[in-house]
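[1] What shape does this take:
(2 chains)
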Amino acid sequence: MVDDEKLQKLKERIDTAETTNSPPPKQKKQSGAGFGFKISTEIIAALVVGVGIGLIVDKYLGTKPFGLIIFFIFGAIAGFLNVYRVMRRIEKQ
Amino acid sequence: MAAKDSPLKQFEIVPYSNTELGNYDISFTNSSLSMVITVAVITLFLTLTVNPRSIIPSRMQLISELMYNFIAQLLSDTVGDNGKKYFPFVFSLFMFVLIGNMVGMVPYQFTFTSHIIVTFALAAVVFIGVTILGFVNHGIKFFTFFYISGVPFYMHPLLIPIEVISYLSRPISLSVRLFANMLAGHTLLKVFAGFVVAMPFFTGALPLAFIVALTGLEILIAFLQAYVFAILTCLYINDAYHLH
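    Okay, here's the model as predicted:
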């Protein structure tokens, strides 16, 4: 086991280190490319789901091509909604 | 595409055995081997480093404790007290993705996170689990998640499909982000490695220096993507508790 004296010494060292060191600088902002990538995946994912639902609706209800058109638009709007939510989450931080 | 010297050859699946179960091919491949190595590394590292259980931790024990604290902090920040019971799940997921990415950084080692089917399977587990969790917590009221209050009633036929699509797009954006980052990074490394050989005289040193820098960036991305995967899982678990 570690003796108490040694632990006490370590505690003192940690305390001094914590008081002398200034708080770490705020985390660097995400790079532009990474940010753009994050946003674009949100839009693409929503579009993929929208087009997928549209194609399935067309196949089973025989409404070709209106299901695809309508759900493509829904998917696009959902993509923008996703982006808006991501932005709001980032702003909060 | 996967010619002899193609930068995409590294993503090829090579089966080591030809096993079939019913109509399914369950061969043990280089991807499976990579996963087995990942799980072995995680298990060995975590069990061996925390084994001494010293009060003043060694450097290696500190790494394990930092990882534990990192995810525990993440869960308590995003989900709160409810989050404690999901710690094993989120921690396993985080470690699997993180070490999987890191194992992929070793030369000649296959990166299983660069295949969308792997990341999509992980994301689908999260998605289905969170949806079940939502129904367990709220029952049929979970559907109010798709209902935005405070809009005129005639807007709902428009808004509800949009909300549903937005919800269904979660596993796709979660998996595509991880997969595309790993795929792009590893392809880029191989492309620049090709330049080293192709460039005349000693100018090949330039792309070589770039690869060194890029490898550092890749390790950062490997960590960042595992972190993003974990934090989004936490946020989705939080959503299953607190509907809007």
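
[2] Retrieve the pLDDT associated with the residue positioned nearest the centre of chain B.
    The residue lying closest to the centre of chain B (Cα atoms, centre = their mean) is residue B:97, at 4.2 Å. pLDDT recorded at residue B:97 is 94.

[3] pretty sure it contacts residue B:227?
    No - the pair residue B:97 / residue B:227 is not scored as a contact, 9.1 Å apart, by Cβ atoms under 8 Å. The C-beta positions use only the backbone N, C-alpha and C, and glycine is treated the same way.

[4] tell me which parts of chain B are close to chain A?
    Contact residues (Cβ under 8 Å from any Cβ of the partner chain) of chain B with chain A: B:54-56, B:161-163, B:165-166, B:168-170, B:172-173, B:176-177, B:180-181, B:224, B:235.

[5] What distance do you get for the residue nearest to residue B:198 when sequence neighbours are not counted to chain A?
    Spatial nearest neighbour of residue B:198, excluding adjacent residues (Cβ to Cβ, 6 or more residues apart in numbering or on different chains): residue B:204 at 7.8 Å. Distance of residue B:204 to chain A, given as Cβ to the nearest Cβ, to the nearest Å: 26 Å.

[6] repeat for residue B:124
    Separation of residue B:124 from chain A (Cβ to the nearest Cβ): 13 Å.

[7] element containing that residue, please.
    Element membership for residue B:124, per DSSP states H and E: helix B:116-138.

[8] and the residue nearest to the centre of chain B, what does it touch?
    Residues counted as contacts of residue B:97 (Cβ atoms under 8 Å, 6 or more residues apart in numbering or on different chains) are B:113, B:122, B:178, B:225-226, B:229-230.

[9] thought the residue nearest to residue B:198 was touching residue B:194?
    No - with contact defined as Cβ under 8 Å, residue B:204 does not reach residue B:194; the gap is 10.4 Å.

[10] What is the neighbour count of residue A:60?
    Using other Cβ atoms under 10 Å in any protein chain shown, the number of residues around residue A:60 comes to 9.

[11] Same question for the one 3 residues further on.
    As a burial measure, the neighbour count of residue A:63 was computed by other Cβ under 10 Å and equals 14.

[12] For it, give me its contacts.
    Residue A:63 neighbours (Cβ under 8 Å, 6+ apart): residue A:57.

[13] where does it fall, helix, sheet strand or coil?
    Three-state call for residue A:63 (DSSP: H, G, I helix; E, B strand; the rest coil): coil.

[14] what are the phi and psi values for it?
    phi -100, psi 20 (degrees, to the nearest 10).

[15] Return the residues of chain A in contact with chain B.
    Residues of chain A that fall close to chain B, judged by Cβ under 8 Å from any Cβ: A:2, A:6-7, A:10, A:34, A:37-38, A:41-42, A:44-46, A:48-50, A:53, A:71, A:74-75, A:77-79, A:81-82, A:89.

[16] Take those residues and keep only those in helices.
    A:6-7, A:10, A:34, A:37-38, A:41-42, A:44-46, A:48-50, A:53, A:71, A:74-75, A:77-79, A:81-82, A:89 (DSSP state H).

[17] Cool, thanks, signing off.
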